[in-house]
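[1] everything below, folded, please.
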Amino acid sequence: MTSRTSVNLWDIWGSSADNVFAVGLGGTIIHYDGHCWTPVTFGTCMDISAVWGVSDDDIFAVGLGGPILHYDGRTWTGIYGGRLTYLRGIWGNSNNSVFAVGIEGVILRYEGKTWTTMDSGTREALLDIWGNDGGDVIAVGTGGTVLHYDGESWNTMNSGTSADLFGVWYSPNSEAFVVGSGGTILRYDGKTWNAMSSGTSANLRDIWGSSQENVVAVGDAGTILHYDGKRWVAMDSKTSAYLYGIYGCSASDIFVVGGCGTILHYDDETWGTMKSGTSQNLWVVWGTSEGGYIAAGKCGTILLYNAD
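    Predicted coordinates:
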C-alpha cells in the first residue's frame, strides 16, 4: 500500500476496515478509507506516539510535548494546551473516561469535556495502559512500576520486580498480565501481582489475549510464549527477528510483526511466516473481525492483508 509518507509510523487504530488512522513522527496522521491513504493536516510537527478512539467521530491522539488531539469525524483539533514531556499510551472505556500516560509519571484523564492531570505518585516513565469495563485501569512503566486506578485514585502496587515493563493486557474478569525486560511476566489475580516463569531472558515487548486462558507474549530473538491458564510455553516462531507487536481477532487468527519486515500468522495450529515484501521494521499491527489487518512501521511502511 502507498502510505504517502516516508516517516516512521508508531500506532494504528480504526473503528472499521474503511476508517483507520496511523500516526507517527513529525505530527504525521494518515487516514485510510478502505481504498487509499490520505495525509491529514492540522498544524503540529510534534511526534505522535499513540492513537485510540471510541467511534468514527470520537478519536484521540497523543505524543511528544502536547497538545492532545481529537477527531470529531470531520477535523482534528488540539484539545489540551498544557506542555507535557511525552505521552506514550492512551486507553479508555468510554468517551467520557479516557486516560493518557507518559514520561515522568504523567497521567491525564478526560471526562467528556476537559483533560485534567492526575496524581500518579511516581516519576517513572509510564509506557502502557489498559483496563476493563468495570473501571479498573492499570498503567505500567520503567523500574517495575505498576499503578492501579480503582475509580477514584491511582495507587502504586508492589510488582516484586525492578524490570522495565513494556506492555499490559487486562482480561474482562479483572485478571491482568504484564510483560517486560529480561523475560519478565507478571500476573494480577485481582488482589496481588505474582511473577511467572517465562523460561526466557529475552525482552518481551507486547502481549495480547483472547481470554485469561489464552494469552500470547512476543519479544526479542523471535520469542513467542503462550499461556493456557496454567503455564507459559515457548512456541516455534520460525524466526530470530525481534518481534514488536501482536494483534488478534480470535484465538485462531493472530498476527505478529517485527524487525526486517517480519510478519507471522497463527491459525490455531502453528505459526507461519508470511512474505511482507519489505525489509523495513514493522512495529504495530491492527485488524478487524472481518479478516483485514494493517501493519505499519519504519519509513512510512504500511501493509494490508485481507483474508478474502
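
[2] hey, which helix or strand in the chain has the poorest pLDDT?
    Every helix and strand in the chain was compared by mean pLDDT, DSSP states H and E; the lowest is strand 76-78, with a mean of 87.

[3] buried ones in it?
    Residues of strand 76-78 classed as buried by neighbour count (16 or more other CB atoms under 10 Å): Trp76. Backbone N, C-alpha and C define where each C-beta goes, glycine included.

[4] could you list every helix and strand that the helix or strand following it packs against?
    Next helix or strand after strand 76-78 toward the C-terminus (DSSP states H and E): strand 87-94. With contacts taken as 3 or more CB pairs under 8 Å, 6 or more residues apart in numbering; DSSP states H and E, strand 87-94 sits against strand 48-55, strand 58-63, strand 97-102, strand 126-131.

[5] ok, and what's touching strand 87-94?
    For strand 87-94, the surrounding residues in contact (CB atoms under 8 Å, 6 or more residues apart in numbering) are 49-52, 54, 60-64, 66, 68, 98-103, 106, 108, 110, 125-133, 135, 137, 139.

[6] list the helices and strands the least confident helix or strand of the chain packs on?
    Here strand 76-78 touches strand 69-71, going by 3+ CB pairs under 8 Å, 6+ apart.

[7] the strand it packs on pairs with which strands, parallel or anti?
    Sheet pairing for strand 69-71, assigned by DSSP bridges, gives strand 58-63 (antiparallel), strand 76-78 (antiparallel).

[8] buried ones in that strand, by neighbour count?
    The neighbour-count check on strand 69-71 (16+ other CB under 10 Å) flags Leu69, His70, Tyr71 as buried.

[9] and Pro39, bridged to which residues?
    Under DSSP bridges, the beta-bridge partners of Pro39 are Ile30.

[10] and it, how many neighbours?
    11 (other CB atoms under 10 Å).

[11] check contacts around it.
    Going by CB under 8 Å, 6+ apart, Pro39 touches Arg4, Thr5, Thr28, Ile29, Ile30.

[12] returning to that earlier point: list only buried entries from the contacts of strand 87-94.
    Burial by neighbour count, 16+ other CB under 10 Å: within the contacts of strand 87-94 this picks out 49-52, 54, 60-64, 66, 68, 98-103, 106, 108, 110, 125-132, 137, 139.

[13] what's the closest of the helices and strands packed on strand 87-94 to Asn306?
    Closest to Asn306 of these is strand 48-55 (CB to CB; 21.8 Å).

[14] so how far is Asp72 from Tyr293?
    Taking CB to CB, to the nearest Å as the measure, Tyr293 falls 27 Å from Asp72.

[15] list the contacts for Ala50?
    Ala50 sits next to Trp10, Asp11, Val23, Ala61, Val62, Gly63, Leu87, Arg88, Gly89, Ile90, Ala100 when contact means CB under 8 Å, 6+ apart.

[16] okay, the fourth one: pLDDT?
    If I follow you right, that is Ala61. At Ala61, the predicted lDDT confidence score is 94.

[17] do the same with the third one
    Among the per-residue scores, Val23 holds a pLDDT of 95.

[18] not counting sequence-adjacent ones, nearest residue to it?
    Leaving aside its chain neighbours, Val23 sits nearest to Ile48 (4.0 Å; criterion: CB to CB, 6 or more residues apart in numbering).

[19] and the one you found, how many neighbours?
    Other residues near Ile48 number 24, with proximity taken as other CB under 10 Å.

[20] so it sits against Ile30, correct?
    No: if you go by CB atoms under 8 Å, Ile48 and Ile30 don't touch, sitting 10.7 Å apart.

[21] sorry, back to before: would a markdown table of the buried residues of strand 69-71 with pLDDT be doable?
    Converted to a markdown table, the buried residues of strand 69-71 look like this (pLDDT from 0 to 100):
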| residue | pLDDT |
| --- | --- |
| Leu69 | 90 |
| His70 | 92 |
| Tyr71 | 93 |
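
[22] returning to that earlier point: now the strands paired with strand 69-71 as TSV including distance to Ile254?
    Below are those laid out as TSV (distance: least, CB to CB, whole Å):
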stretch	distance to Ile254
strand 58-63	25
strand 76-78	31
